[in-house]
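In: structure, please.
(one chain, ligands or ions: 3)
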Amino acid sequence: MRGIIYNGTSTELVDGIKLREPGPRDVVVRIAAAGLCHSDVSYMNGLYPVPSPGVCGHEGAGIVERVGDAVTHVKPGDHIAIATLSACGMCPPCASGRPTACRATLGNATQPFTFDGDPIWNFAGVSTFVEQTVIRDIQCVKLPDDVPLSSAAIVGCGVITGMGAVFNRANVKRGQSAAVFGVGGVGLNVIQALKVQGAEKIIAIDTVPEKEALARKFGATHFLDGKREDIVDAITQICPASESAVRGPFNAGGVNWAFDCVAHPTVTWNALESLEWEGNVVVIGVASQTAEFKGLYGRLTQVDRGIIGCRYGSSSPHRDFPYIMNLYRTGQVLLDELVTAVRPIDKWQDSIHEMETGAVARGVLSF
Ligand SMILES: NC(=O)c1ccc[n+]([C@@H]2O[C@H](COP(=O)([O-])OP(=O)(O)OC[C@H]3O[C@@H](n4cnc5c(N)ncnc54)[C@H](O)[C@@H]3O)[C@@H](O)[C@H]2O)c1
Ligand SMILES: [Zn+2]
Ligand SMILES: [Zn+2]
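Out: Ligands and ions are numbered 1, 2, ... in the order given. Alright, predicted model coming up:
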């Protein structure tokens, strides 16, 4: 079968990939559509300390092809969205609805594929840029048949990561303000979840000016060009300090929440600098393992500001995917509009180019 392999130095579409048979708790999925997340590009650029050669892709939806003997919650023919978390289901974090903290979900790469007789790794516990993949039963979230698979394809990373950061990791309250740095597939989902939560001011920031229309469509109330030198001042002007607040070293004014969907030192600095008292930065973007950022101690202790990371929207897929699907089916969040380009798998390089130039909200590959 066809699929996209990153071999440690270059990436290519090949034909002839073979898949292992499913174990008792495994499911073989025929991929219908796979979303292109920036993390795929980072993997192809060698930014992640995960093994190669590997079959790329980790966002996807498809149809169950075969199931192992012990699988009970899906059957052949079911439509499913794929979750990357291969959680154990039994440890204390799993038992309390926090599978992103399950140790079984990190470093769980396996070699379910072969190509030319050589074993090939999966990526992010999944691999979706391939005609069929094999995953654990817990990674399959059943979908209603009326949800287009091309839209469901992006739920398993971009959507859950952005929305989950707002719903699960942050505690955004009605009427609060937020700045969202990076209006890509993840940032747009932060924006629309902020809207669901009733945030009053949602300031989108991107270096590609054409992202303004998209950002506003998904709920941004303001847009700032990320190349501006005075981003922090511009944010503070939109969210000024209340008249009773003391300025001076405490720097009142700014947003209650800043979501960093880029992970660049300047962006993280600006995110921290643009916080109101008690505000928090949520870092979602993934940088290389050695990348660093700096910030002023005073921004944290004065007054009660924080900076927190967020993996996979701190989500619990079997709770959160259906919740998001209900928001979609009741018109409260947009999924179809996130998918601005569906390309056949052999046009994968066009999809990457469109992501890098900011021409798409989310690109999807189809089979
Ligand atoms: N924490 C997680 O679990 C998780 C999950 C998925 C993706 N990610 C990461 O989140 C990040 C975003 O992913 P994506 O798929 O949305 O990427 P994307 O390429 O779709 O979007 C990134 C956006 O950031 C903009 N941008 C780049 N530099 C900027 C700057 N200096 N200031 C403002 N905007 C800037 C780009 O123009 C683009 O619109 C990536 O680093 C990705 O690896 C993290
Ligand atoms: Zn666990
Ligand atoms: Zn991703």
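
In: wait, what's in contact with the residue in the stretch 101-250 of the chain that ligand 2 sits nearest to?
Out: Nearest residue of the stretch 101-250 of the chain to ligand 2 (CB to the ion) works out as residue 102 at 3.0 Å. Just so you know, the C-beta spots here come from the backbone N, C-alpha and C atoms, and that holds for glycine as well. Under the criterion of CB atoms under 8 Å, 6 or more residues apart in numbering, the neighbours of residue 102 are 85, 87, 88, 91, 93, 94.

In: could you do residue 328 as well?
Out: Listed by CB under 8 Å, 6+ apart, the contact partners of residue 328 are 147, 151, 334, 335.

In: drop anything exposed from the residues you listed.
Out: Buried subset of those (neighbour count, 16 or more other CB atoms under 10 Å): 147, 151, 334, 335.

In: what two of those residues are the furthest from one another?
Out: Checked with CB to CB, the buried ones among the contacts of residue 328 reach their widest spread between 147 and 334, with 13.1 Å between them.

In: ok so residue 213 is a helix residue?
Out: Yes: counting by DSSP: H, G, I helix; E, B strand; the rest coil, residue 213 is part of a helix.

In: distance of it relative to ligand 3?
Out: From residue 213 across to ligand 3, the span is 24 Å (CB to the ion, to the nearest Å).

In: for ligand 1, see how far away that residue is.
Out: Per CB to the nearest ligand atom, to the nearest Å, residue 213 is found 13 Å from ligand 1.

In: then residue 47?
Out: 8 Å.

In: please, which helix or strand holds that residue?
Out: Mapping residue 47 onto the secondary structure by DSSP states H and E places it in no helix or strand at all.

In: and what about the closest residue to it other than its chain neighbours, helix, strand or coil?
Out: Closest residue to residue 47 apart from its sequence neighbours, by CB to CB, 6 or more residues apart in numbering: residue 288 at 5.0 Å. Under three-state DSSP, residue 288 falls in the coil class.

In: do residue 216 as well
Out: Looking at residue 216 with three-state DSSP, the answer is helix.

In: and for it, the neighbour number?
Out: 16 (other CB atoms under 10 Å).

In: isn't it right next to residue 203, touching?
Out: No: assessed by CB atoms under 8 Å, residue 216 is found out of contact with residue 203, at 11.3 Å.

In: any common contacting residues for these two?
Out: Joint contacts of residue 216 and residue 203 (CB under 8 Å, 6+ apart) are residue 223.

In: helices of this structure, start to end?
Out: Using DSSP state H, the helices of the chain run over 38-44, 92-95, 149-152, 160-164, 185-197, 211-217, 231-238, 265-273, 297-301, 317-329, 348-357.
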